[in-house]
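>>> Need coordinates for the below:
(chains A and B)
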Number of protein chains: 2
Amino acid sequence: MLLQVNCAGYVKSQYMQHDASKYSYGPNIEAKTFMMPEQEFYAHHPGRFFYIKEENKDSLISIPFAPVKSQLESFEFSVGQNDICWRIKHGGLKYKISLQLAKEDVVELWSLKIINQTNKVKKINVYPYFSIGYMSWMNQSASFSSELNGIIASSIAPYQKTEDYYKQKDFKDLTFLLSNKKIDSYCAQLAAFEGTNGLHNPEALKQEILNNDSANYQTPAAILHHHIEINPKKETQLNYLFGPAKDIEDVKQFKRFYFEQNETASSKLKFDAFKTASMTGPDVLQIETPDPDFDRFVNQWLPRQVYYHGRVNRMTSDPQTRNYLQDNLGMCYLDSNATRHALVKALSQQFRSGAMPDGILLNPKAELKYINQIPHTDHCVWLPLLLEVYLDEMNDYQLLEEKIPYADCSDRHTVREHIERSIIWLVNARDERGLSYIEQGDWCDPMNMVGVKGIGVSSWLSVATAYSLNVWAKICRQSGKEDKAEDLIEKAQEINKAVNDYCWIDGWYARGITDNGRVFGTSDDEEGKIYLNPQSWAMLSGAADSVKMNQLLEAIEANLETPDGVMMLAPSYTQMVEDIGRITQKFPGVAENGSVYNHAAAFYAYSLYQQNYSDKAFRVLRTMIPDGSNIERRGQLPLFVPNYYRGAYHQLPEVAGRSSQLINTGTTAWYYRCVIENLCGLKGSQGDLLVNPQLPSHWNIMQVTRRFKEATFNMQVERDENVVSQQVYLDNKLLDTAKVTNIQPGKEYQLRVLIPIVNENKFV
Amino acid sequence: MLLQVNCAGYVKSQYMQHDASKYSYGPNIEAKTFMMPEQEFYAHHPGRFFYIKEENKDSLISIPFAPVKSQLESFEFSVGQNDICWRIKHGGLKYKISLQLAKEDVVELWSLKIINQTNKVKKINVYPYFSIGYMSWMNQSASFSSELNGIIASSIAPYQKTEDYYKQKDFKDLTFLLSNKKIDSYCAQLAAFEGTNGLHNPEALKQEILNNDSANYQTPAAILHHHIEINPKKETQLNYLFGPAKDIEDVKQFKRFYFEQNETASSKLKFDAFKTASMTGPDVLQIETPDPDFDRFVNQWLPRQVYYHGRVNRMTSDPQTRNYLQDNLGMCYLDSNATRHALVKALSQQFRSGAMPDGILLNPKAELKYINQIPHTDHCVWLPLLLEVYLDEMNDYQLLEEKIPYADCSDRHTVREHIERSIIWLVNARDERGLSYIEQGDWCDPMNMVGVKGIGVSSWLSVATAYSLNVWAKICRQSGKEDKAEDLIEKAQEINKAVNDYCWIDGWYARGITDNGRVFGTSDDEEGKIYLNPQSWAMLSGAADSVKMNQLLEAIEANLETPDGVMMLAPSYTQMVEDIGRITQKFPGVAENGSVYNHAAAFYAYSLYQQNYSDKAFRVLRTMIPDGSNIERRGQLPLFVPNYYRGAYHQLPEVAGRSSQLINTGTTAWYYRCVIENLCGLKGSQGDLLVNPQLPSHWNIMQVTRRFKEATFNMQVERDENVVSQQVYLDNKLLDTAKVTNIQPGKEYQLRVLIPIVNENKFV
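Numbers count the residues shown, from 1 in each chain, chains lettered A, B, ... in the order given. Predicted structure coming up:
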């Protein structure tokens, strides 16, 4: 279940029912599609609101803010670990609205507390209005149930094919709004509520008592009415449940569970119970640095976003293969068992040829949708990368010998053989120059016409393949396959050489060579002159030597850096380039067309850390978190890393920096990896824990607690003018090599790391 | 191009670009789907509005009404033959808004005339706001062009598959709003215009001059600003063009064509030119009866709706086969060449087996969508029915010998053979009882589970097959194939007998027998007890003898008749019946689940006329036209027959009668046929014109002008107490047989028909 809540009361809510489903819709028939970037709010956008009207007074407000949007005397919107709260003062009353989610059930738990701050009795009418919207053209209605004390909207999820009847017959096609307090009147029909006026001034609220309208194939809405008297200095609390259900029995159970027998005391208990039900995975990392905003993000919000990706798979039943693998790379730090399962699931959908499918089907009803219907060539790249993290964390090399099936044949082969096949597939999918074919796209989905004829190649995919080979070589070496490792490294070097021969042009790596032999992503291009990914991955793969690395870093700085992060390419395309494709048709500065695409920026940060550019790497990570200086421009709170911030910084400065508002992003896994393995420098390796924190030069101190192999590591990092290189003390004893060996589950280790005053010499 | 305009200024606009496309959208990403019944309006529903604000005054209005929705001093909404007008008076000003469409171009032509009725100079600010909405997640923007003096919104129609790029690259992805008068300021971005407030009180209008905002991947909008001074008793006119375009060159051409060189005089001319460009086909029928509202509908609106169906094919590139054939049955009276083409097109997509596809593909890019992906068994039935009308109108029996191909083989066979094959297909698709298999649906699309196993049968399809055989027999006889005709009639009788044996239960025909052998649509059923279609078609096919006919008519009257027409079934289903299917899941009283489904009602009217139930038949037709007594309940003007009015009259009386607002309906062809061939009684037959008007008994007079075979027939019908049966005078000479023979093109014939005082004896 996923709620995106804005301070005015607008809410996007989705939950998994085979695929992402809704129970509160827009006013018209919406497309079933993926989440849209930067989608704006509008008058009938789904939301949860409370209209408030004092008895015998005309003035109407709504809280938290919409739809009436009148100026409130005071307003506070706060996002806690397990709830979202508004605290509002207006007209002698104090309101606290709070929203929580249940741990397992798909249900929103709302409470509204009203405190009379005056010395008179306050008589007010409260009208919760929870939007339901256009549910279905086949069948939609809503009415009040006095047994349930709430509004039940019914629908039939639209379909036309008989087979879909069987797929959908158990769908949760009801939406309910229940109150724990007896209501005085209600309205279950949007048009009857609004009348001619509209939501900002509903006609139904011209009188105190609502008309008790039902909706009969009319747009449903859930509006309840409570007439309330509050004595001076006293308070009252109203609780509501809102969500989807399969049938009335389902709703009854919600009522029983969350609104027990006798009113507030126990129901309050039930509500409070959820405050302690953590929505994230276990705490694996806590940091304390000179940057408390960064700490808050890393300790509290980042693991939650990582966990969301690993647990919910971006609210889809067919996550794109590269996303599924990378999301589980991040998940590995929180729940490595989940990662193991995911890897096995993915590999069991591999083809015998070694090729990976475009999406991983998570349930029997799932099918490849949207972008997963277009073939991409990079999916195999991510297998060794995920495996590396899993093995470093778990030291579970047995996994390599586990036998699993293929999608297209019943033979079961070891994970090792599966990976080998994917490597062979990658190595073979290259042209006579040794560069990787891109076909209809690599990591960059909309780069669909570079190689549509089967000739064009991708420099990024080439270096990514080389890097993947190197990583697999490392794993082979660690699992006793030295010979194999040497072959792989040789092959990776051959690829790196090809990339250097054909794609290094005038100071940076081009992005590829099209079907027609045109090298693009070079200074010859007026738009799309330079792309970030080939540079980052050439640093990872070893293609870039130190001379090239300096040059490409200069080129990135000159062309791609902005106050909101590093753009994925520049300048953004402003017109279609038919031998590049759909990416060039996206709006300039949006998504892959030159936004600050944080997934690419995270790759860059990771590659910088590998080369000890700790300051530069940290700046990339830190810039992803909105803060005071940019929060208004970005339009986003520092609670998650968005898929992108608008780029095209020099082309469209007035909109640069705007957040996409999309929480789905491959960024988080790499961000968490950078923080754990590089910034904190606590990285697993064959059962041991390597210690090598990479602090930005302006930090002199850092405290870290990390869980690893069921032990706890407390690390204190300090700059010390007396050391010239890092010194690591374990339980006060200086270590020869910076690693903790023979780790005991349950044990707590104290690490102290001294580092020189400035440990960053490379250009900052 | 299709515009549906409501009096408040909300507009649904679509045009054909491969398939139905939009240029003015909702505020969120809308599903691309068929038209939705009873879709409600909402604050950001697409529309065309003019905000008006007097200089230095605060009060803001919008005309015609939304979004501000303030009370206006006077308001008139009128729909003319070629324009839609609003006339509004408010604050000393008179406004006339008028909308016309161009004959060929996809463009809306708007004019706003403002007349100063006072004795003072009026200084006002006019802000046309034309909604553009959420165009595309790939790319959307809008800005002002001073060269064009208008706002141009650009987008890329979203896609992901490379092949779609080639399909869509020439799409009209621009939306423009041009003004013929220089503007003073503008806003091209919805959020910037609304600010926090919303459309009912846009923040941008707090000041006089707009901020000239562009939209850069923000929701576009088209808002212009004119500051205008009008002298006492003087007027001013503003003209606007709104529509889609492929590129700027396109827009320039619109500007040149509709806004010539030098301002009002000539541009007004251009605008006026379209007033005379009739949107309908030629006038083929004019009537004058004692019922002027009925005359207006039949003379003016009905042929337009018929023409729309025949010309635009319901705004789709894959009209459902039965719709395509019936729509062209209606078109035959207006443009019989179009019908001929359509019949040939349809038959050339027939399979060699005789089966017809579920939809007819109108262009090479077309593909079967939505309901056309589900197989239906009735499509062959409509071929002889269409052919009958075509031959009666045109006497073009040569068509039968024309050779045309199949979908699945290159042989070319005569139309006659194509029809024979369809007949054989129908005759074979029956079970051992002689009843027609229904499989996943017949005429009734959502009756998808009666025969999903391949066993269930349809009584309607059985009698429809028998009727179709009889009609084909008639054609065979008329084209010299007597033997063939006899076989067909014999087969039809056999089918009729089977229906009588197995489906006549207790006073009416059941609807079918399910896969499990359950007869349904009988008095044993609590819901779906009786269906209209099997009764009507049993009257047509000859299955029902006079005894049965009386019984079934009584059953219809008792169970199906309502003040808003005859329901298609009753009682409406309120829960899923798994051996009937999706129809039972539709909302009670909506669409096929027991609405007054006008297509079925028109069949009923036609069948009543064949049996000389002229009063009953007329009442069915007349009730389809909204009038004073029901117009508010129906919520529709008498300008078209909707797909349905809500039924479930006894179950949900409070919403019964509501119009679906859908203009797509098979009703119109049959309605027009009933009026021409039965009510007026002027029907072609092998080159002659039969004369047999069937007036309702409360009419004593009727005048008709009909074009037939390029001649004109003026007919005067009168009741005369001296006649006991119809007497027909042609140019004052009494005819022996009531038909005009040897018709000369271009000639005008005068018919005078005397009929007895009451010619309706059957129960009224």
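>>> so what pLDDT did the residue in the stretch 601-750 of chain A that chain B sits nearest to get?
Taking Cβ to the nearest Cβ, chain B has its nearest neighbour within the stretch 601-750 of chain A at A:V655, 4.9 Å off. All C-beta atoms are positioned from the backbone trio N, CA, C, and that covers glycine. With respect to pLDDT, A:V655 scores 97.
>>> Give me the below-cutoff pLDDT ranges for the stretch 251-400 of chain A.
Regions of the stretch 251-400 of chain A meeting the criterion pLDDT under 70 cover residues A:260-282.
>>> Any residues of it in contact with chain B? List them.
A:Y370, A:I371, A:Q373, A:I374 (Cβ under 8 Å from any Cβ of the partner chain).
>>> hang on, isn't the second one packed against A:D445?
Spelled out, it's A:I371. Yes. At 5.3 Å, A:I371 counts as touching A:D445 under the criterion of Cβ atoms under 8 Å.
>>> and the longest helix for chain A?
As assigned by DSSP state H, the longest helix anywhere in chain A is helix A:482-503.
>>> export stretch A:364-373 as PDB, just CAs?
C-alpha atoms of stretch A:364-373 as PDB (Å, rounded to 0.1, in the frame of the first residue of the first chain):
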ATOM      1  CA  PRO A 364       0.800 -16.200 -12.100                       C
ATOM      2  CA  LYS A 365      -1.500 -13.500 -13.400                       C
ATOM      3  CA  ALA A 366       1.300 -11.100 -14.100                       C
ATOM      4  CA  GLU A 367       2.200 -10.200 -17.700                       C
ATOM      5  CA  LEU A 368       4.700  -7.900 -19.300                       C
ATOM      6  CA  LYS A 369       3.200  -4.400 -19.600                       C
ATOM      7  CA  TYR A 370       4.200  -1.000 -20.800                       C
ATOM      8  CA  ILE A 371       7.900  -0.600 -21.200                       C
ATOM      9  CA  ASN A 372       8.500  -4.300 -20.600                       C
ATOM     10  CA  GLN A 373       7.000  -5.100 -24.000                       C
END
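>>> hmm, back to that, out of A:I371 and A:D445, which sits in the more crowded spot?
More crowded of A:I371 and A:D445, by other Cβ atoms under 10 Å in any protein chain shown: A:D445, with 23 against 18.
>>> Pretty sure the more buried one sits against A:Y597.
No. Counting by Cβ under 8 Å, A:D445 stays clear of A:Y597, with 11.5 Å between them.
>>> Show the contacting residues for the residue in the stretch 201-350 of chain A positioned nearest to chain B.
Residue nearest to chain B within the stretch 201-350 of chain A (Cβ to the nearest Cβ): A:Y217, separated by 4.1 Å. By Cβ atoms under 8 Å, 6 or more residues apart in numbering or on different chains, the contact list for A:Y217 reads A:N139, A:Q140, A:S141, B:E38, B:F587, B:G589, B:V590, B:R646, B:V655.
>>> Nearest to A:G441 among these?
Nearest to A:G441 among these is A:Q140, at 39.3 Å by Cβ to Cβ.
>>> The residue of the stretch 601-750 of chain A closest to chain B and B:D213: what is the separation?
11 Å (Cβ to Cβ, to the nearest Å).
>>> now do A:H226
Distance from A:H226 to B:D213, by Cβ to Cβ: 42 Å.
>>> try A:V79
Distance of A:V79 to B:D213, given as Cβ to Cβ: 30 Å.
>>> what about the two, which has more around it?
Using other Cβ under 10 Å as the criterion, A:V79 and B:D213 rank with B:D213 on top: 23 against 14.
>>> picking that back up, so which residues make contact with the helix or strand just after the longest helix of chain A?
Moving toward the C-terminus from helix A:482-503, the next helix or strand (DSSP states H and E) is strand A:504-505. Under the contact criterion Cβ under 8 Å, 6+ apart, strand A:504-505 has outside partners A:A510, A:V519, A:T522, A:S523, A:K548.
>>> mind running it again at 7 Å?
Here strand A:504-505 makes contact (Cβ atoms under 7 Å, 6 or more residues apart in numbering or on different chains) with A:V519, A:T522, A:K548.
>>> is it true that the second one touches A:R511?
This points to A:T522. No. The pair A:T522 / A:R511 is not scored as a contact, 8.4 Å apart, by Cβ atoms under 7 Å.
>>> neighbour count winner among these two?
Ranked by neighbour count (other Cβ under 10 Å), A:T522 and A:R511 place A:R511 first, with 30 against 20.
>>> which residues sit in contact with the closest residue in space to that one that isn't next to it in sequence?
Leaving out its chain neighbours, the residue that sits closest to A:R511 by Cβ to Cβ, 6 or more residues apart in numbering or on different chains is A:G521, at 3.0 Å. Taking Cβ under 7 Å, 6+ apart, we find A:G521 in contact with A:A510, A:R511, A:G512, A:G528, A:I530, A:Y531.
>>> now the residues you listed as a markdown table including secondary structure and distance to B:S185?
Listed next are the contacts of A:G521 as a markdown table, based on DSSP: H, G, I helix; E, B strand; the rest coil; distance: Cβ to Cβ, whole Å:
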| residue | secondary structure | distance to B:S185 |
| --- | --- | --- |
| A:A510 | coil | 46 |
| A:R511 | coil | 42 |
| A:G512 | strand | 46 |
| A:G528 | coil | 36 |
| A:I530 | strand | 39 |
| A:Y531 | strand | 40 |
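>>> Among those, give me the pair with the biggest separation.
So for the contacts of A:G521, where distance means Cβ to Cβ, the most widely separated pair is A:G512 and A:I530, at 12.7 Å.
>>> Counting neighbours, go ahead and name the busier of those two.
Set A:G512 next to A:I530 and count neighbours by other Cβ under 10 Å: A:G512 wins out with 31 against 26.
>>> how about the more buried one, what does it touch?
A:G512 neighbours (Cβ under 7 Å, 6+ apart): A:I438, A:V450, A:G456, A:V457, A:S458, A:S459, A:F520, A:G521.
>>> doesn't A:W460 fall inside a helix?
Yes. Per DSSP: H, G, I helix; E, B strand; the rest coil, A:W460 lies within a helix segment.
>>> For it, which residues are in contact?
A:D442, A:W443, A:R511, A:N533, A:P534, A:W537.
>>> a markdown table for the contacts of A:G521, including pLDDT?
As requested, the contacts of A:G521 are exported to a markdown table (pLDDT from 0 to 100):
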| residue | pLDDT |
| --- | --- |
| A:A510 | 98 |
| A:R511 | 98 |
| A:G512 | 98 |
| A:G528 | 98 |
| A:I530 | 98 |
| A:Y531 | 98 |
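>>> Specify which member of those is nearest to A:N313.
A:Y531 (28.1 Å).
>>> Could you report the neighbour count for the closest one?
Neighbours of A:Y531 (other Cβ under 10 Å): 29.
>>> any idea how far it is from A:W508?
A:Y531 is 9 Å from A:W508, by Cβ to Cβ.
>>> Also A:P642?
27 Å.
>>> what's the answer for A:N593, then?
Distance from A:N593 to A:W508, by Cβ to Cβ: 19 Å.
>>> okay, now the domains of chain A?
A:2-260, A:680-756 (the TED database).
>>> hey, which of these is tucked in deepest?
domain A:2-260 (a mean of 19; mean count of other Cβ atoms under 10 Å in any protein chain shown).
>>> For A:I374, give me its contacts.
With the criterion set at Cβ under 7 Å, 6+ apart, A:I374 makes contact with A:Q440, A:G441, A:N448, B:Q160, B:K161.
>>> picking that back up, just the ones of the contacts of A:Y217 in strands?
A:Q140, A:S141 (DSSP state E).
>>> out of the contacts of A:Y217, who's nearest A:Y10?
Nearest to A:Y10 among the contacts of A:Y217, with distances taken as Cβ to Cβ, is A:Q140, at 21.5 Å.
>>> List the residues that contact the residue nearest to that closest one when sequence neighbours are not counted.
Leaving aside its sequence neighbours, A:Q140 sits nearest to A:S155 (Cβ to Cβ, 6+ apart; 4.4 Å). Residues near A:S155 by Cβ under 7 Å, 6+ apart: A:M135, A:S136, A:N139, A:Q140, A:D173.
>>> Thank you, goodbye.
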